[in-house]
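J.: Sequence and predicted structure, then a few things I'm wondering about:
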Amino acid sequence: MTQIILNGLFVGSFYALIALGYSMVYGIIKLLNFAHGDIFMFGAYIGMTCLTVIPGIGSLGIGAIAIVLLISALLTGATGVLIETLAYRPLRSAPRLSVLITAVGMSFLLEYGVRQIWGPDPQPWPQAGRLTEAANWPAGLQWGAQRIDILGGSLTGAQLVLMALAVVLMAVLALYIGKTREGRAMRAIALDKRAATLMGINVNATISRVFFIGSALAGVAGVMHGAYYSSITFLMGFLLGLKAFTAAVIGGIGNLYGAMLGGLTLGLLEAFGTAWFGGEWKDVFAFVFLIAFLTLRPTGILGERVVERM
Amino acid sequence: MESLKTYFSGQRGVYHGIAIAVVVAVFALPFITIDAYTIQLATQALIYVLLALGLNVVVGYAGLLDLGYVAFYAVGAYTSGILTTRLGWPMWATIPAVVAACVLAGVVIGGPTLRLRSDYLAIVTLGFGEIIRVTAQNLSITGGPSGIFGIPTWSFGSWSFNDGLTVGGLFFNGKILLYYFVAIVVMVLGLIGIPRLANGRLGRAWRAVRDDEDAAEAMGVNTYTTKITAYIIGAVWAGLAGQLNASLITTISPTSFQFLQSALVLMAVVIGGMGSVPGVVLGALFITLAPELLRDVWENRSLMFGILLLAVMLFRPKGLWPATSILPWSRDKHRAKVDTKPAQARAEEV
């Protein structure tokens, strides 16, 4: 039982990180960014390439992962900004359907662009960047690759580190949105774009910033995924993106804390679903929950009433 | 004679002329070549045209983005596959069951989501596509990952398409009969029926809901029933196309119903022109035939189609053959002056 909960919380922290990007973008421009899951995948590929290309990075152990995490976050963030500028900004006043279709096209472009560059086969994550390898952990920190008992269950040290990282990132983000000038601008645009413009907020710059942060978080999740599961494929963003969206809906889309809560909830639901019905039904379980939530409580756990944009 | 000439120089006449020419060309194909590969490819292209025509009702007319369209195609294929192979029903007898299964699936998915913002539908249909595929992969009645084999072709009494048919000294084999009697007939029905539906009361309601849902509601259109009707019509149409495909390729497996397939049909509709029947047919033919004809040049067709989709959305959002296009020599040229921009876009400009 404890083990199921722990596994659920671990997977849920991935969902939460990706769901944050979904939810932020949706909150500010009411766009379902289908390419978001693929940015997660792209981040993993950037990480893998950095680990193989940068000379001498293999000897750094755990430090290598930190460096790669940073590079990947910056590059995926920049990709997100680029996508917004090139594909979504020109269509901001177009019908909603056009923007959605453009997002689907962008997702395709990322998936099959990555496939064109790195090939269709699953790629092994380099040894030097694996959190599960004991050799990557310096002396004295060997607990990182071992299992640690928690209340009758157990998680590896690596899992604990990744969960802690996710929690720290979310806390920083919550402070940023809640306490800073830029965060206030984001909330203002989400409430009323035109009024925000009249108040002197640079709408385009703020939207770009949201895309940067959301995509960078997805990139971090991508590297974390590679470092823990040791294998990445060009289609992995599709399913994860879908689940992250489910998480965002469960928590209440557009709501920051909702995305975190929804991610953890979905992780737990999935862990229990797997334990009860078997692993092959795991994905079906998540979507059945999505449909159930949309039917019974479309605003999610923390969401406010969804107002139709006129 | 003069009135016929006037008719075919008008907007409608030109469209009808093109449609008749296309149908005649498609009909004449087996008289030119009976090469099995060509016939197979042509039938496959026709099935894509059917799918695109159906998705056009959902996306083009009603403005609902369905990203799991191939799920209904799978529902149709599996329903007919299971009934014919497990219970020994003849293929034609499964048609009502396919329709019923698709209506049910459409209500289950569309029912809750169509009450919400339209973009929720996009992601729920995406999830639904996955549910159907994973379910087919896990159940034993659907044959698991390897799918269903040996789906029979169409048969009536003791005679089946496999026996072939000799008409006027020419022998038609089973594949050609399937192509003729089922694929072409269904396509012609679609080409005649769907535009008529779209120009009728229901079709006008679809377009009203698509362009401005609130205004449509204020005018007395029941937006919910209008949307769900479009969704179910699209679902049934895809299910029948799925049944046709199952009897054509005789083997169905979960791998044939991936998201990629839904995306390809969507691309056919968007690239051709949402809401435009000639555009959608053109788009479907392009999506199926271009990778075959340009096999050497196009290694990665999905990447190319993705780029094309983006380019169309950014530079030509109404597609290659827009629904509102006016032929340059047409008498109806003045119609082009009508402002076709959606109300939402106008409101944003204020």
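T.: The structure has been received and is ready for your questions.
J.: Any idea how many residues pack against whichever residue of the stretch 251-350 of chain B sits closest to chain A?
T.: Relative to chain A, the nearest point of the stretch 251-350 of chain B is B:Gly306 (3.2 Å; C-beta to the nearest C-beta). Quick note: C-beta positions are derived from backbone N, CA and C, even for glycine. Applying other C-beta atoms under 10 Å in any protein chain shown, we find 23 residues neighbouring B:Gly306.
J.: B:Glu213 now?
T.: Neighbours around B:Glu213, by other C-beta under 10 Å: 21.
J.: Over to B:Thr229?
T.: A count of nearby residues for B:Thr229, using other C-beta under 10 Å, gives 19.
J.: Confirm for me that it is in contact with B:Leu202.
T.: Yes - contact criterion C-beta atoms under 8 Å: B:Thr229 and B:Leu202 qualify, at 6.5 Å.
J.: before we move on, back to that, measure the residue nearest to the residue of the stretch 251-350 of chain B closest to chain A when sequence neighbours are not counted to A:Pro120 for me?
T.: Distances taken as C-beta to C-beta, 6 or more residues apart in numbering or on different chains place A:Phe108 nearest to B:Gly306, at 3.2 Å, with adjacent residues excluded. Distance, A:Phe108 to A:Pro120, using C-beta to C-beta, to the nearest Å: 15 Å.
J.: more crowded one of the two?
T.: Using other C-beta under 10 Å as the criterion, A:Phe108 and A:Pro120 rank with A:Phe108 on top: 26 against 12.
J.: which SS class is the more buried one?
T.: helix (DSSP: H, G, I helix; E, B strand; the rest coil).
J.: got the residue ranges for the strands in the stretch 101-250 of chain B?
T.: Listed in chain order, the strands of the stretch 101-250 of chain B (DSSP state E, counting those that start in this stretch) span B:155-156, B:159-160, B:165-167, B:170-172.
J.: Equivalent analysis for the stretch 201-310 of chain A, please.
T.: So, for the stretch 201-310 of chain A - with DSSP E, counting those that start in this stretch - the strands run A:231-232.
J.: Chain B contacts on that one?
T.: Neighbours of chain B within the stretch 201-310 of chain A, by C-beta under 8 Å from any C-beta of the partner chain: A:238-239, A:242, A:245-246, A:249, A:280-281, A:283-284, A:286-288, A:290-291, A:294-295, A:298, A:306, A:308, A:310.
J.: Which pLDDT value goes with residue 68?
T.: Let's take chain A. On pLDDT, A:Val68 comes in at 89.
J.: wrong one, I was asking about chain B
T.: 86.
J.: Look up the closest residue to it, ignoring the ones flanking it.
T.: Nearest one to B:Gly68, counting by C-beta to C-beta, 6+ apart, is B:Gly129 at 3.0 Å.
J.: In the stretch 201-310 of chain A, what residue spans correspond to helices?
T.: A:203-229, A:236-251, A:256-277, A:282-296 (DSSP state H, counting those that start in this stretch).
J.: before we move on, what about the stretch 51-200 of chain B?
T.: Ranges of helices in the stretch 51-200 of chain B, per DSSP H, counting those that start in this stretch, are B:69-86, B:95-113, B:118-138, B:174-177, B:185-199.
J.: mind giving me CSV with these and columns for distance to B:Leu41 and mean neighbour count?
T.: Shown next, in CSV, are those (distance: least, C-beta to C-beta, whole Å; neighbours: other C-beta atoms under 10 Å in any protein chain shown):
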stretch, distance to B:Leu41, mean neighbour count
helix B:69-86, 18, 27
helix B:95-113, 25, 19
helix B:118-138, 25, 23
helix B:174-177, 11, 19
helix B:185-199, 15, 16
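J.: Which elements pack onto whichever strand or helix holds A:Ala185?
T.: Here A:Ala185 sits within helix A:181-191, counting by DSSP states H and E. Applying 3 or more C-beta pairs under 8 Å, 6 or more residues apart in numbering or on different chains; DSSP states H and E, one finds that helix A:181-191 makes contact with helix A:2-29, helix A:157-179, helix A:193-198, helix A:203-229.
J.: Which helix or strand lies directly C-terminal to the longest one?
T.: Next along the chain after helix A:2-29, taking DSSP H and E as the criterion, comes helix A:36-53.
J.: For that next one, buried residues please.
T.: A:36-51 (16 or more other C-beta atoms under 10 Å in any protein chain shown).
J.: Run the contact check for it versus chain B.
T.: No - using C-beta under 8 Å from any C-beta, helix A:36-53 stays clear of chain B, with a minimum separation of 10.6 Å.
J.: Mind telling me which residue of the stretch 1-150 of chain A is nearest chain B?
T.: A:Phe108 (3.2 Å).
J.: picking up where we left off before, rebuild the strands of the stretch 101-250 of chain B as a markdown table, extending it with distance to A:Ile71.
T.: Putting the strands of the stretch 101-250 of chain B into a markdown table (distance: least, C-beta to C-beta, whole Å) gives the following:
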| stretch | distance to A:Ile71 |
| --- | --- |
| strand B:155-156 | 63 |
| strand B:159-160 | 63 |
| strand B:165-167 | 67 |
| strand B:170-172 | 63 |
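J.: among the helices of the stretch 51-200 of chain B, which gets the worst mean confidence?
T.: Averaging pLDDT over each of the helices of the stretch 51-200 of chain B puts helix B:174-177 lowest, since it has a mean of 70.
J.: So the residue of the stretch 1-150 of chain A closest to chain B sits against B:Asn300, correct?
T.: No - under the criterion of C-beta under 8 Å, A:Phe108 makes no contact with B:Asn300, lying 10.8 Å away.
J.: Doesn't A:Ile148 belong to a strand?
T.: Yes - assignment of A:Ile148 by three-state DSSP places it within a strand.
J.: what's near enough to touch it?
T.: A:154-157, A:160 (C-beta atoms under 8 Å, 6 or more residues apart in numbering or on different chains).
J.: what pairs with it across the strands?
T.: Legend: beta-bridge partners of A:Ile148 under DSSP bridges are A:Leu155.
J.: Just the pLDDT at it, thanks.
T.: The per-residue pLDDT of A:Ile148 was computed as 74.
J.: quick revisit: out of the strands of the stretch 101-250 of chain B, nearest to A:Gln3?
T.: Ranking the strands of the stretch 101-250 of chain B by proximity to A:Gln3 (C-beta to C-beta) places strand B:155-156 first, at 55.2 Å.
J.: same question for that closest one, mean pLDDT?
T.: 75.
J.: Neighbouring strands of that strand in the sheet, and parallel or not?
T.: strand B:159-160 (antiparallel).
J.: Give me the distance between the strand it pairs with and the centre of its chain.
T.: Computed by C-alpha atoms, centre = their mean, to the nearest Å, the chain-centroid distance of strand B:159-160 equals 28 Å.
J.: Report the mean per-residue pLDDT for that strand.
T.: 73.
J.: and the spatially closest residue to B:Phe72 that is not a sequence neighbour, how many neighbours does it have?
T.: Nearest residue to B:Phe72, sequence neighbours excluded (C-beta to C-beta, 6+ apart): B:Ala238, at 3.8 Å. Neighbour count of B:Ala238, defined by other C-beta under 10 Å: 31.
J.: can you tell me how far A:Met41 sits from A:Phe272?
T.: Where A:Phe272 is concerned, A:Met41 sits at a distance of 27 Å (C-beta to C-beta).
J.: let me redo that: A:Gly219
T.: 30 Å.
J.: Next: B:Asp66.
T.: 31 Å.
J.: neighbour-wise, which of the two wins?
T.: B:Asp66 (32 against 16).
J.: picking that back up, I'd guessed the residue nearest to B:Gly68 sits against B:Ser262; true?
T.: Yes - between B:Gly129 and B:Ser262 there is a contact under C-beta under 8 Å: 5.7 Å.
J.: Okay then, goodbye and thanks.
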